[in-house]
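J.: One predicted model, sequence on top.
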Protein chains: 2
Amino acid sequence: MNRVPDTTLPRERAQLIVERLQRDGRVVAAELAAEFRVSEDSIRRDLRELAAAGQCKRVYGGALLAANFAPLRQRDAEHIARKQALARAAVTLVSPGQILFIDAGSTNTQIAMALPERQDLTVITNAPDVANALLGRPGFEVLLLGGRLHHHIGGTIGAQAVAQARGIRADLCFPGICAVDVRSGIWTFDDEENLLKQAMIEASGETVAVATTEKLQAAATHFTAGIDAVTHLVTEPNALVDRYAKVGLKIVLG
Amino acid sequence: MNRVPDTTLPRERAQLIVERLQRDGRVVAAELAAEFRVSEDSIRRDLRELAAAGQCKRVYGGALLAANFAPLRQRDAEHIARKQALARAAVTLVSPGQILFIDAGSTNTQIAMALPERQDLTVITNAPDVANALLGRPGFEVLLLGGRLHHHIGGTIGAQAVAQARGIRADLCFPGICAVDVRSGIWTFDDEENLLKQAMIEASGETVAVATTEKLQAAATHFTAGIDAVTHLVTEPNALVDRYAKVGLKIVLG
DNA sequence: TTTTACTTTGCACGTTTATGCACGTTGTTT
DNA sequence: AAACAACGTGCATAAACGTGCAAAGTAAAA
């Protein structure tokens, strides 16, 4: 659990609440009161202000992250924790000064949040969510891929974005993973999304597949890249990873 | 904890406060007063000066690290109610089916939030915040302008974004307003930001200036557009708008 | 050295902000 | 319906704040 200064300034407290909100997607008034050592009344006042500012949505017992600020679909709190664990593992593959492609997707948004500050990283992304996660944090250069924003995907796709991506050389690529198979590789659902992922992967030295267990045996409609194009697999401890290790992938468990 | 000399020069003290600020992200007035052995009044004076110089943000009880490192997020929380009122007034100018340029800025994010759903609107923006405000809401087509993301502005700027904007025709433009003057028109602080605003305005049929009262008599460094390029002015009821009406602007009060 | 102009400081006073508590209301659970 | 937790509001208190002012300190001019 994060340390809290013994004397917390009122406005500082509000700021910390926002951070927790962005991290967990939810806050409980009673917990915050205990943590900051103030009455629940004060916490409620803070939440009221934040809600008025559109930063959160008040609910009975606490508050939830506002839909406008919420990364894609943060519905399931349990999945969030799993994705955060994967993200923490994934960012260990990143070295200072590197150039990264980060595709749209809720897992990748968590990766962006988990990236270390002040390491001179350059992030190229098609997702406003990822951009927002890095906005204002020190030590990041962010490049946004332009184009039509696809609602379901949560990022831009299309010729514009693909052309822009082709003009870049990156060290690492984190494509959003719909499905992975040991033999056939990475698959995607949407055609245009697929083209952008392919461009990203081709423009990168190494490709990291970050996938929860259920993505590992899943299937999708469009072929994105062969398994030989993937250099690392980041997944959960309970996954069957031996077969992936055998075909040359470096395994990282979150 | 760092030792402090028994006699500290005033300017030296300010410097040390900045260092603590950069290290901890926050300072408490009472702590500083004890440490430097001066009254809290003096500390407050220091903090006032530092805040005026943009080095920190004053809060009740002390100060927090300047908006340089946490730019848009904090500005978002300021004057929210006023900006929301302006936004509600601004969106009355929008008709179904229109194509809109929405520039980066905390007021414009509120405008995006206030836009009516299911009206087949197309929004072109350089701000991830604006994109996020519209993501997932029905009846919006969103186009993101690609390029390097500028932290302080909260949106992309540069040749990439300008070129993309030039290839579009829009009905309405909401440029982020730094300063407006009755005779000389719209002014902006950053050079590259300015170029993008100009491209947006030129690519639009009508231009709407949305500005709080204090922006109306303010000044900035770069000339963006003459007052004749502005078709509407959305501002607050207590503003002196007669002179703007006289030069042909349609006035909307929030 | 003395004089003068300027800066820095602490204090008094009135104002604003933050907080906790009491009390009545609303929402949730059983 | 009853029981309970969370909520909003009004209120009193204390801390922090801004301002004006006079004293103390400092630096350059006389």
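T.: Great, that's in hand.

J.: tell me how far the ends of stretch A:133-153 are from each other?
T.: Using C-alpha to C-alpha, to the nearest Å, one end of stretch A:133-153 lies 17 Å from the other.

J.: Relative to chain B, which residue of the stretch 101-250 of chain A is the closest?
T.: Nearest residue of the stretch 101-250 of chain A to chain B: residue A:146, at 2.6 Å (C-beta to the nearest C-beta). All C-beta atoms are positioned from the backbone trio N, CA, C, and that covers glycine.

J.: hang on, isn't that residue packed against residue B:146?
T.: Yes - using C-beta atoms under 8 Å, residue A:146 is in contact with residue B:146, at 2.6 Å.

J.: what about the residue nearest the centre of chain A, helix or strand, and which?
T.: Centroid-nearest residue in chain A, with C-alpha atoms, centre = their mean: residue A:109, separated by 1.7 Å. In this assignment (DSSP states H and E), residue A:109 forms part of helix A:106-114.

J.: what is the mean pLDDT for that helix?
T.: Mean pLDDT, computed over helix A:106-114, is 92.

J.: Output stretch A:19-26 in CSV with nothing but the alpha carbons.
T.: Provided in CSV are the C-alpha atoms of stretch A:19-26 (Å, rounded to 0.1, in the frame of the first residue of the first chain):
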residue,chain,number,x,y,z
GLU,A,19,-4.6,8.9,-8.6
ARG,A,20,-6.1,6.0,-6.7
LEU,A,21,-9.2,6.4,-8.8
GLN,A,22,-7.2,6.2,-12.0
ARG,A,23,-5.3,3.2,-10.7
ASP,A,24,-8.1,1.1,-9.2
GLY,A,25,-11.2,2.5,-11.0
ARG,A,26,-12.9,2.9,-7.6
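
J.: how much distance is there from that stretch to the middle of the chain?
T.: Its chain's average C-alpha position is 13 Å from that of stretch A:19-26, according to C-alpha atoms, centre = their mean, to the nearest Å.

J.: and the stretch 1-150 of chain A, which residues reach DNA strand C?
T.: Within the stretch 1-150 of chain A, the positions near DNA strand C by C-beta under 7 Å from any atom of the strand are A:10-11, A:13, A:38-39, A:41-42, A:45-46, A:60.

J.: Most neighbours of all those residues, which one?
T.: Highest neighbour count within those: residue A:46, with 25 neighbours (other C-beta atoms under 10 Å in any protein chain shown).

J.: which residues touch it?
T.: By C-beta atoms under 8 Å, 6 or more residues apart in numbering or on different chains, the contact set of residue A:46 is A:13-14, A:17, A:32.

J.: Residue A:203 too?
T.: A:101, A:165-166, A:168-170, A:173.

J.: Can I have the buried ones of the residues you listed as a ChimeraX selection?
T.: Burial among the contacts of residue A:203 is assessed by 16 or more other C-beta atoms under 10 Å in any protein chain shown; the matching ChimeraX selection reads:
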select /A:101,165,168,170,173
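
J.: Determine which two of the contacts of residue A:203 are furthest apart.
T.: With distances taken as C-beta to C-beta, the most widely separated pair in the contacts of residue A:203 is A:166 and A:173, at 13.2 Å.

J.: how close does residue A:39 get to residue A:33?
T.: Going from residue A:39 to residue A:33 by C-beta to C-beta, to the nearest Å gives 6 Å.

J.: so, in contact with chain B or not, whichever helix or strand comes after the helix holding residue A:109?
T.: Counting by DSSP H and E, the next helix or strand C-terminal to helix A:106-114 is strand A:121-125. No - for a cut-off given as C-beta under 8 Å from any C-beta of the partner chain, strand A:121-125 has no contacts with chain B; the smallest distance is 8.9 Å.

J.: Wait, residue A:175 touches residue A:207, no?
T.: Yes - counting by C-beta under 8 Å, residue A:175 touches residue A:207, with 6.6 Å between them.

J.: buried set for stretch A:17-33?
T.: A:17-18, A:20-22, A:24-29, A:32-33.

J.: for stretch A:94-102, same thing?
T.: Of the residues in stretch A:94-102, A:94, A:98-102 count as buried by neighbour count, 16+ other C-beta under 10 Å.

J.: Residues contacting that stretch, please?
T.: By C-beta under 8 Å, 6+ apart, the residues outside stretch A:94-102 that reach it are A:108, A:111-112, A:115-116, A:119-125, A:127, A:130, A:165, A:168-175, A:200, A:203-204.

J.: Now the buried members of those.
T.: By 16+ other C-beta under 10 Å, the contacts of stretch A:94-102 give A:108, A:111-112, A:115, A:121-125, A:127, A:130, A:165, A:168, A:170-175, A:200, A:203-204 as buried.

J.: ok, the residue of the stretch 51-200 of chain A found nearest DNA strand C to DNA strand D distance?
T.: Closest to DNA strand C within the stretch 51-200 of chain A is residue A:60: 4.3 Å, counting by C-beta to the nearest atom of the strand. Distance of residue A:60 to DNA strand D, computed by C-beta to the nearest atom of the strand, to the nearest Å: 5 Å.

J.: Return the residues of the stretch 51-200 of chain A in contact with chain B.
T.: With C-beta under 8 Å from any C-beta as the criterion, the stretch 51-200 of chain A meets chain B at residues A:52-55, A:67-69, A:128-129, A:131-132, A:134-136, A:138, A:141-149, A:151, A:154, A:156, A:160-161, A:164.

J.: Can you flag which of those residues belong to helices?
T.: Among those, DSSP state H puts A:52, A:128-129, A:131-132, A:134, A:160-161, A:164 in helices.

J.: Now tabulate those in TSV and tack on pLDDT and distance to residue A:246.
T.: Shown next, in TSV, are those (pLDDT from 0 to 100; distance: C-beta to C-beta, whole Å):
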residue	pLDDT	distance to residue A:246
A:52	89	56
A:128	94	39
A:129	91	35
A:131	95	38
A:132	90	39
A:134	93	36
A:160	93	40
A:161	96	35
A:164	95	37
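
J.: Tabulate those residues (JSON lines), appending neighbour count.
T.: JSON lines is the format used below for those (neighbours: other C-beta atoms under 10 Å in any protein chain shown):
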{"residue": "A:52", "neighbour count": "14"}
{"residue": "A:128", "neighbour count": "29"}
{"residue": "A:129", "neighbour count": "26"}
{"residue": "A:131", "neighbour count": "30"}
{"residue": "A:132", "neighbour count": "25"}
{"residue": "A:134", "neighbour count": "22"}
{"residue": "A:160", "neighbour count": "22"}
{"residue": "A:161", "neighbour count": "27"}
{"residue": "A:164", "neighbour count": "23"}
